[in-house]
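1. build me a model:
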Amino acid sequence: MNTSLKVGLAAALIGTAFAPSLAGAQVYVRVGPPRPIYERRPPPPRPGWAWQAGYHRWDGRRYVWVPGAYVAPPRPGGVWIAGSWVHGPRGYYYRNGYWR
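-> Just a heads-up that it's a prediction; the model follows:
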């Protein structure tokens, strides 16, 4: 195995070791999000699809609206639990939605 391949492999292993800790990191915002924008929900493209409502995402400088969309559930009968902004002692943070 050549040296550059060993260095690349070592860097990849180190990067994956830290990935789980970065995935759980919270970003806190001092200013609360604007009110949600009203979206007219079209009919679902297929029976059983769930509507994921739009939300304001923090882009590092301001809130940006992410429009809602229909998505296929990961399994029959799956229920989408919407994400939401939560106010905590350090500011506002977004709690991601999930399937139940």
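2. residue 28 and residue 78, how far apart?
-> 30 Å (Cβ to Cβ, to the nearest Å). (Each C-beta comes from the backbone N, C-alpha and C, glycine too.)
3. hang on, I meant residue 85
-> 24 Å.
4. counting neighbours, go ahead and name the busier of those two.
-> Set residue 85 next to residue 78 and count neighbours by other Cβ atoms under 10 Å: residue 85 wins out with 16 against 13.
5. helix/strand/coil for the more buried one?
-> Here residue 85 is recorded as strand under DSSP: H, G, I helix; E, B strand; the rest coil.
6. who does it form a beta bridge with?
-> residue 94 (DSSP bridges).
7. next one: residue 29
-> residue 92.
8. go ahead and confirm it touches residue 90.
-> No. In this structure, residue 29 is not within contact of residue 90 by Cβ atoms under 8 Å, at 9.6 Å.
9. okay, those two: which has more neighbours?
-> Remark: of residue 29 and residue 90, residue 29 carries more neighbours, 18 against 10, as counted by other Cβ under 10 Å.
10. surely residue 97 meets residue 81?
-> Yes. Using Cβ under 8 Å, residue 97 makes contact with residue 81 at a distance of 5.8 Å.
11. which regions of this structure sit below the pLDDT cut-off?
-> 1-24 (pLDDT under 70).
12. same thing but 90
-> Low-confidence regions of the chain, defined by pLDDT under 90, span residues 1-26, 77.
13. now do the strands in it.
-> 50-52, 55-58, 63-66, 69-71, 80-81, 84-88, 91-95, 98-99 (DSSP state E).
14. dump those to JSON lines, plus distance to residue 38.
-> Formatted as JSON lines, the strands of the chain follow (distance: least, Cβ to Cβ, whole Å):
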{"stretch": "strand 50-52", "distance to residue 38": "14"}
{"stretch": "strand 55-58", "distance to residue 38": "13"}
{"stretch": "strand 63-66", "distance to residue 38": "11"}
{"stretch": "strand 69-71", "distance to residue 38": "16"}
{"stretch": "strand 80-81", "distance to residue 38": "19"}
{"stretch": "strand 84-88", "distance to residue 38": "17"}
{"stretch": "strand 91-95", "distance to residue 38": "20"}
{"stretch": "strand 98-99", "distance to residue 38": "24"}
